[in-house]
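> Just to be clear, the model below is a prediction. Sequence and coordinates:
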Amino acid sequence: MKYLVTGAAGFIGFYVAQRLCQQGHQVIGLDNLNDYYDVSLKQARLNKLIKFDSFNFVKLDLADRTGIAKFFAQEKFNRVIHLAAQAGVRYSIDNPMAYADANLVGHLTILEGCRHHNVEHLVYASSSSVYGLNSKTPFATADSVDHPISLYAATKKSNELMSHSYSHLYSIPTTGLRFFTVYGPWGRPDMALFKFTKAIVEGQAIDIYNHGDMRRDFTYIDDIVEGILRIQDVIPEKNEQWQVETGSAANSSAPYKIFNIGNGNPVKLLDFIHSLEQSLGMVAKKKLMPMQAGDVYQTYADVEDLFHVTGYKPSTTVAQGVENFVQWYKSFYHV
Ligand SMILES: NC(=O)c1ccc[n+]([C@@H]2O[C@H](COP(=O)([O-])OP(=O)(O)OC[C@H]3O[C@@H](n4cnc5c(N)ncnc54)[C@H](O)[C@@H]3O)[C@@H](O)[C@H]2O)c1
């Protein structure tokens, strides 16, 4: 099959593109290689991907309406896995327009491409951040998510709404995946594990928000990728029986679905840091800080639907996942 993977130079997109190539599919990876974080890390991921004969890279911005329309017309994809976005909760406070371009206009150009070129399934990244002010745990896809607390989260919820309208109007099967704090080798420099590792190795103090009183449902990259690959084979269908009043918010009469992909096991931030200290064989200098605007206290995924539909539940332990990250970090950065 011919796949479009957007954000292929990004953390998750890189792994997804790699796995699809290993499975014998043809993959076009799209990315604009922006400098939100170190471009050489994006380039290093791409250097691994271009070793596959079945992989081709296209540098294009999602917000380039004409460019994306032409690209879809030329390539005629069977399936689209849309992972490119402006990520990060904190960055959205100072750079809101980046989210409008990449996440709102960008999501619409992808929907339009799918609409006009008979894509059989669009799978796209949403986020656990859509749960915003929700306090009931575990976070379930049937819950209302109308109270985001960052613009990033609001754009991700908007992606779900936009997708629903296209699934309804044009019968495009769409599946939104709410990822929960993904970590692992080749991970993002703006995320906690990378920042903590770098600081500890360099003898700097690490900033620990909300005085360490936070929990995250950390999900190892291989578990996320396995979930994405299984879900993209489960193509949503119309369900005329579904009704707003009685049906789950994660389903619809349209061919539309939402899933959580998380570990289903929140870990205390300080325990996560302890695992990192053990893997590094070093002790972190800790700087306790207040809660940051836009952050949530806890994330905790209900992954029953994912298990029900795919027979799969993420299972990598934090100790193992962090150890794998540390091994990669040491060899990639020669420390
Ligand atoms: N990593 C996580 O913990 C996490 C959690 C929840 C949701 N997500 C979502 O999963 C997806 C992948 O995240 P990631 O961690 O791999 O992030 P990432 O930043 O590593 O990857 C995103 C890629 O998209 C590209 N991109 C951004 N804007 C673009 C544009 N306008 N046009 C073309 N390319 C563009 C970037 O250059 C980057 O390579 C994103 O949609 C993100 O919001 C990630």
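On my side now, so go ahead.
> can you tell me the helix or strand for V27?
V27 belongs to strand 26-31 when assigned by DSSP states H and E.
> So which residues of the stretch 151-300 of the chain form strands?
Using DSSP state E, counting those that start in this stretch, the strands of the stretch 151-300 of the chain run over residues 174-179, 182-183, 205-208, 215-216, 219-220, 256-261, 267-268, 285-288.
> out of those, nearest to V39?
strand 182-183 (20.2 Å; CB to CB). All C-beta spots, glycine's among them, are computed from the backbone N, C-alpha and C.
> Adjacent strands (with direction) for that closest one?
Here strand 182-183 is paired, per DSSP bridges, with strand 219-220 (parallel).
> Can you give the contact residues for the strand it pairs with?
179-184, 261-263, 301, 314, 316, 320-321, 324 (CB atoms under 8 Å, 6 or more residues apart in numbering).
> just to revisit the earlier point, tell me which residues are up against the strand holding V27.
Strand 26-31 is contacted from outside by 1-10, 13, 17, 20-21, 42, 46, 49, 52, 54-60, 62, 71, 75, 77, 84, using CB under 8 Å, 6+ apart.
> wait, which of the strands of the stretch 151-300 of the chain is closest to V244?
Comparing the strands of the stretch 151-300 of the chain under CB to CB, the one sitting nearest is strand 256-261, at 12.5 Å.
> So for the closest one, mean pLDDT?
Computed over strand 256-261, the mean pLDDT rounds to 98.
> go on, stretch 105-125?
Averaged across stretch 105-125, pLDDT comes to 98.
> where does the protein come near the ligand, residue by residue?
7, 9-13, 31-34, 42, 61-63, 83-87, 102, 106, 125, 127, 179, 181-182, 188 (CB under 6 Å from any ligand atom).
> filter those residues to the buried ones?
Listed as buried from the residues of the chain next to the ligand are 7, 9-13, 31-32, 42, 61-63, 83-87, 102, 106, 125, 127, 179, 181-182, 188; burial here means 16 or more other CB atoms under 10 Å.
> Does Q43 touch A8 like I think?
No - Q43 lies out of contact with A8 (CB atoms under 8 Å); the separation is 11.8 Å.
> who has more neighbours, the two?
Remark: of Q43 and A8, A8 carries more neighbours, 30 against 11, as counted by other CB atoms under 10 Å.
> now the more buried one, nearest residue through space, not along the chain?
G29 (2.7 Å; CB to CB, 6 or more residues apart in numbering).
> L41 too?
Closest residue in space to L41, ignoring its immediate chain neighbours: P189 at 6.7 Å, by CB to CB, 6+ apart.
> Of all the residues in the protein, which one is nearest the ligand?
G10 (1.9 Å; CB to the nearest ligand atom).
> ok, that residue - contacts?
D31, K42, R45, L83, A84, A87, R188.
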